[in-house]
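> Coordinates for the following, if possible.
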Amino acid sequence: MPAVSKGDGMRGLAVFISDIRNCKSKEAEIKRINKELANIRSKFKGDKALDGYSKKKYVCKLLFIFLLGHDIDFGHMEAVNLLSSNRYTEKQIGYLFISVLVNSNSELIRLINNAIKNDLASRNPTFMGLALHCIASVGSREMAEAFAGEIPKVLVAGDTMDSVKQSAALCLLRLYRTSSDLVPMGDWTSRVVHLLNDQHLGVVTAATSLITTLAQKNPEEFKTSVSLAVSRLSRIVTSASTDLQDYTYYFVPAPWLSVKLLRLLQCYPPPDPAVRGRLTECLETILNKAQEPPKSKKVQHSNAKNAVLFEAISLIIHHDSEPNLLVRACNQLGQFLQHRETNLRYLALESMCTLASSEFSHEAVKTHIETVINALKTERDVSVRQRAVDLLYAMCDRSNAPQIVAEMLSYLETADYSIREEIVLKVAILAEKYAVDYTWYVDTILNLIRIAGDYVSEEVWYRVIQIVINRDDVQGYAAKTVFEALQAPACHENLVKVGGYILGEFGNLIAGDPRSSPLIQFNLLHSKFHLCSVPTRALLLSTYIKFVNLFPEVKPTIQDVLRSDSQLRNADVELQQRAVEYLRLSTVASTDILATVLEEMPPFPERESSILAKLKKKKGPSTVTDLEDTKRERSVDVNGGPEPAPASTSAMSTPSPSADLLGLGAAPPAPAGPPPSSGSGGLLVDVFSDSASAVAPLAPGSEDNFARFVCKNNGVLFENQLLQIGLKSEFRQNLGRMFIFYGNKTSTQFLNFTPTLICSDDLQPHLNLQTKPVDPTVEGGAQVQQVVNIECVSDFTEAPVLSIQFRYGGTFQNVSVQLPITLNKFFQPTEMASQDFFQRWKQLSNPQQEVQNIFKAKHPMDTEVTKAKIIGFGSALLEEVDPNPANFVGAGIIHTKTTQIGCLLRLEPNLQAQMYRLTLRTSKEAVSQRLCELLSAQF
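Numbering: from 1, shown residues only. Modelled structure (predicted):
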């Protein structure tokens, strides 16, 4: 309750509140409230006109009753009447009641808007402040329609008082977050930038928040703010605490404003050299101040000081252009790694993960490897240990891979169960990626299975099989090693799988040693048979029939096993069928047929490691990987070999398993976009060139195909009688790679075949696309492949267009389709417990953070299909989180180059009405809106 002057205190309200508090039961409270409501209703309907004080008192009582949880269906008109009062306390209560109780669809909204307009036009700063606070509190679309054009005028008017400017800036920010399309960009935008030079730091702070939000969507409109922000930041960081006494917080000058200015600068690339020099001085000053002894021992001082420091480091990382600053930032973070404050250690590890991806600071990060390893072993907080694992993974390269992998394996034995699977995946990726000696790789994976076999997924042991089969030089060593590992009394089932597969293929390479003769190999594997699950037993039966081909001397022994009742009459159909078929094959087939049917497995075609795909699913909100390997692994694969040529369908080549798993080590591709126009010298050529043709309209049906790709990455995007376009894509955090397959369905050549990626002017700042050229001639019945590398810089709504031009039988053909690169492709799923989910759900409760859509089901409401679509959309499907088991909830993070945006979704189906209600909450309104549009169209 606001302070009021003596004699204006509402005694009746105080008595009523006291009565409510003294009630002994809920029934007594309701009885007292009903009595008061009847009294207030009679007063409002009575013949005697109420004065302002009485109206205020009764409206306050109604507001208190509402806050207790009771419905109020009268008194709104009296509250509106209070708005016309010239007394501050009465007007304040009127605005308070309206902010809390009046719905944006109320019939009174026109009267309220007129009262607000009168107060805005009154030039009374107190009344203007109340009106602006009310607009911001309601923040509805109707308020935005009514006042979005007026508030900017108040903000930039020369005679507006500082307190009103602050309120106006924050009010406009609220409306922009709620209804950005209703806030007009105009002349005021250039004038609001100059508020960064205002003498009143409160105005500057509010204006900085507004400009930062506006600049994220309209960077060109506000690019002049960069120099002004640098100038203001320079004045703050070079001033003594006494110079900004009103805005100094525990000896730190204007820390909140400093943080906001640094965040504003992160909306733009490094500025011009003149401004950059001044900004560099500011950042150096902040880093220098971090080294100074603290001026106070209180935690508020260190918190404020470190808030500015970490935001400055974020800006240094964002610009990624000043080697000296990056190294200094790394060294400063290195000091925090041993700080007694847990939160500082956590933040330091998290920031260093990002620094590790910069070519300038990667080596500096590596110098702290011993400290990070020590943190992994000694930290009490599991979240800090998680960040230490992430940092070790990010700083790993060929020079330190053996040490890091060994330390992670050592930690794995005592690691928390919640992070073991992710550590296993990271160790497997690092061992493969940086393996120079593949015997080390085999040893590492077998150690991994021994230490944490329960957490080794199928993807891990599949991958080791692929690599052993593809590399002749390691096959004998792998067979010998798994044979020795299987002799342990207790073997994990995953080790039995690997051993069965490798010995079945390459057991002959060690059969010459009496200690590993064919019969010994068979007996060793068969001793594990009865302990294994059905899939592993099936694999071992396949190994036995392979042994029949490799070692004819053990054929009778194996036939006896296959002939036994436990196999031929096995309750499991798969095992029974294998036993029958393998026994028959070993009995009737000749040696040549047996050798043909059971010949050695051919090399696997190289593709992205399935372990990486598994790690994508395990990504938590802060798991950082080597995001930009291209900066460190330039133009070569991870082991120094050239990029393998793509395999043809006629004669499949065998790429080296050491090829770059993500394809990020490829030579820099040509930038996407239309070909550059020729100069005047090429005019005659251009006249007859197909490339001069206009882009065709989107092909019929392409929009439906586009929608189908929202929840899947592979399939046919377009097809007509001439051409088929297929897609296969993969995404990791804010990076992606798309393979486009163009198939010629005719028997005639396509000539001058030119696919072009086109991004609109609005899309280009948000999405970077790079393509590799394709052969201009596509033979009849042939297929060509084009690779597109994708980087999401910031959130976007549009999709690029793929325009294909070619000549077929002398006729020029022009086809355009939308390429399904949508915001949800950069989703990383996040697993959350029920308590964490609803805690985060409540934190994202602001109206601008939530988008809800109620819609009719367009497809049959099948539970399993719905689950598959939500998972395909990119979020984690959280089981047993929602109290209603029929509802679906999901969580994930949208990764862009500039930021990470947490997202929670809730889908509530109504089978009787055949309708859905979809609710999305993110920290950014535009992202909520776009994700809601994309997902709603799937059901």
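> Next one, pLDDT for L173 please.
The per-residue pLDDT reported for L173 equals 92.
> distance of it from E925?
12 Å (C-beta to C-beta, to the nearest Å). All C-beta atoms are positioned from the backbone trio N, CA, C, and that covers glycine.
> could you list every residue that touches the nearest residue to T212 once chain neighbours are set aside?
Distances taken as C-beta to C-beta, 6 or more residues apart in numbering place L264 nearest to T212, at 4.5 Å, with adjacent residues excluded. With contact taken as C-beta atoms under 8 Å, 6 or more residues apart in numbering, L264 is in contact with T208, I211, T212, A215, S225, A229.
> Which of those residues sits closest to R569?
T212 (73.1 Å; C-beta to C-beta).
> right, and that closest one touches L257 too?
No - the pair T212 / L257 is not scored as a contact, 11.7 Å apart, by C-beta atoms under 8 Å.
> The two - which one has more neighbours?
Between T212 and L257, L257 has the larger neighbour count (other C-beta atoms under 10 Å), namely 23 against 20.
> quick one: that one is in a helix?
Yes - under DSSP: H, G, I helix; E, B strand; the rest coil, L257 falls within a helix.
> Please pull up the helix or strand immediately following the host helix or strand of L430.
Per DSSP states H and E, L430 falls inside helix 417-433. Sequence order places helix 438-452 as the next helix or strand after helix 417-433, per DSSP H and E.
> what mean pLDDT does that following helix have?
89.
> now swap in stretch 856-864 and tell me
Mean pLDDT, stretch 856-864: 83.
> Off-centre distance for it?
The chain centre lies 27 Å from the centre of stretch 856-864; the measure is C-alpha atoms, centre = their mean, to the nearest Å.
> With stretch 349-369 instead?
Counting by C-alpha atoms, centre = their mean, stretch 349-369 comes out at 21 Å from the chain centroid.
> ok, and what's touching it?
With C-beta under 8 Å, 6+ apart as the criterion, stretch 349-369 contacts 310, 313-314, 317, 320, 322-323, 326-327, 329-331, 333-334, 337, 372, 375, 384, 387-388, 390-392, 394-395, 397, 399-400, 403-404, 622, 624, 626-628, 631-632.
> go on, stretch 872-886?
Stretch 872-886 is contacted from outside by 617, 710-712, 824-834, 837-838, 867, 870-871, 888-892, 903, 905-906, 908-909, 911, 934-935, 938, using C-beta under 8 Å, 6+ apart.
> Point out where the protein drops to low pLDDT.
Where the chain drops to pLDDT under 70, the residues are 1-9, 104-106, 241-243, 606-696, 701.
> does the closest residue to V498 other than its chain neighbours sit in a helix or strand, and which one?
Residue nearest to V498 in three dimensions, not counting chain neighbours: W461, with 5.1 Å by C-beta to C-beta, 6+ apart. Following DSSP H and E, one finds W461 within helix 458-470.
> got the angle between the next helix or strand after that helix and helix 438-452?
Scanning forward in sequence from helix 458-470 by DSSP H and E, the next helix or strand is helix 472-486. Interaxial angle, helix 472-486 versus helix 438-452 (axes from the mean of the first three to the mean of the last three C-alpha atoms, to 10 degrees): 30 degrees.
> And helix 472-486, what's buried?
V474, Q475, Y477, A478, A479, K480, T481, V482, F483, A485, L486 (16 or more other C-beta atoms under 10 Å).
> so who does the first one touch?
If I follow you right, that is V474. Per C-beta under 8 Å, 6+ apart, neighbours of V474: Y438, T439, Y441, V442, I467, V468.
> tell me the contacts of the last one?
Shown in contact with V468 (C-beta under 8 Å, 6+ apart): V442, V474, Q475, A478, I502, F506.
> repeat that with 6 Å
By C-beta atoms under 6 Å, 6 or more residues apart in numbering, the contact set of V468 is V474, Q475, A478.
> repeat for E908
Listed by C-beta under 6 Å, 6+ apart, the contact partners of E908 are N887, R917.
> related to what we said a few turns ago, and the helix holding L430, what does it pack onto?
Contacts defined by 3 or more C-beta pairs under 6 Å, 6 or more residues apart in numbering; DSSP states H and E place helix 417-433 against helix 382-395, helix 401-412, helix 438-452, helix 610-618.
> could the contacts of V474 be laid out in JSON lines, adding distance to I520?
JSON lines is the format used below for these (distance: C-beta to C-beta, whole Å):
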{"residue": "Y438", "distance to I520": "26"}
{"residue": "T439", "distance to I520": "23"}
{"residue": "Y441", "distance to I520": "26"}
{"residue": "V442", "distance to I520": "21"}
{"residue": "I467", "distance to I520": "26"}
{"residue": "V468", "distance to I520": "21"}
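> And F310, how far from D775?
50 Å.
> So if I had to pick from those two, which one is more boxed in?
Taking other C-beta under 10 Å, F310 and D775 do not tie; F310 has more neighbours (22 against 13).
> roughly how far apart are that one and L261?
Here F310 is placed at a distance of 14 Å from L261 (C-beta to C-beta).
> Ok, P273 next?
In terms of C-beta to C-beta, P273 sits 20 Å off from L261.
> cool, and T543?
Look at T543 and L261: by C-beta to C-beta, they are 66 Å apart.
> Which of these two has more residues huddled nearby?
L261 (30 against 25).
> and the residue nearest to T212, what helix or strand is that in?
Here L264 is assigned to helix 255-265, by DSSP H and E.
> Mind checking what helix or strand follows that helix in sequence?
Remark: after helix 255-265, the chain's next helix or strand is helix 273-291, criterion DSSP H and E.
> Buried ones in the helix holding L430, by neighbour count?
Within helix 417-433, the residues that count as buried by 16+ other C-beta under 10 Å are 419-433.
> Distance check, V405 against I369.
12 Å.
> Can you list the buried residues in the helix holding W461?
Result for helix 458-470 [16+ other C-beta under 10 Å]: buried residues E459, V460, W461, Y462, R463, V464, I465, Q466, I467, V468, I469, N470.
> likewise stretch 72-85?
I72, G75, H76, E78, A79, V80, N81, L82, L83, S85.
> and L562, backbone torsions?
phi -70, psi -30 (degrees, to the nearest 10).
> Leaving out sequence neighbours, find the closest residue to it.
L562 sits nearest to L583 (C-beta to C-beta, 6+ apart), 4.1 Å away.
> For the strand or helix carrying that neighbour, name the packing helices and strands.
In the assignment (DSSP H and E), L583 maps to helix 573-588. Using 3+ C-beta pairs under 6 Å, 6+ apart as the contact test, the elements touching helix 573-588 are helix 534-550, helix 555-563.
> In that helix, which residues are buried?
L575, R578, A579, Y582, L583, L585, S586.
> Need the CA coordinates for that helix. CSV is fine.
Taking C-alpha atoms only, helix 573-588 is exported to CSV below (Å, rounded to 0.1, in the frame of the first residue of the first chain):
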residue,chain,number,x,y,z
VAL,A,573,11.6,-67.5,-32.8
GLU,A,574,14.7,-65.5,-34.0
LEU,A,575,17.2,-67.9,-32.3
GLN,A,576,15.3,-71.0,-33.4
GLN,A,577,15.2,-69.8,-37.0
ARG,A,578,18.9,-68.9,-37.0
ALA,A,579,19.8,-72.3,-35.5
VAL,A,580,17.7,-74.2,-38.1
GLU,A,581,19.0,-72.2,-41.1
TYR,A,582,22.6,-72.2,-40.0
LEU,A,583,22.6,-75.9,-39.4
ARG,A,584,21.1,-76.6,-42.8
LEU,A,585,23.5,-74.3,-44.4
SER,A,586,26.5,-76.0,-42.8
THR,A,587,25.2,-79.4,-43.8
VAL,A,588,24.1,-79.0,-47.5
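> Fine, thanks again, bye for now.
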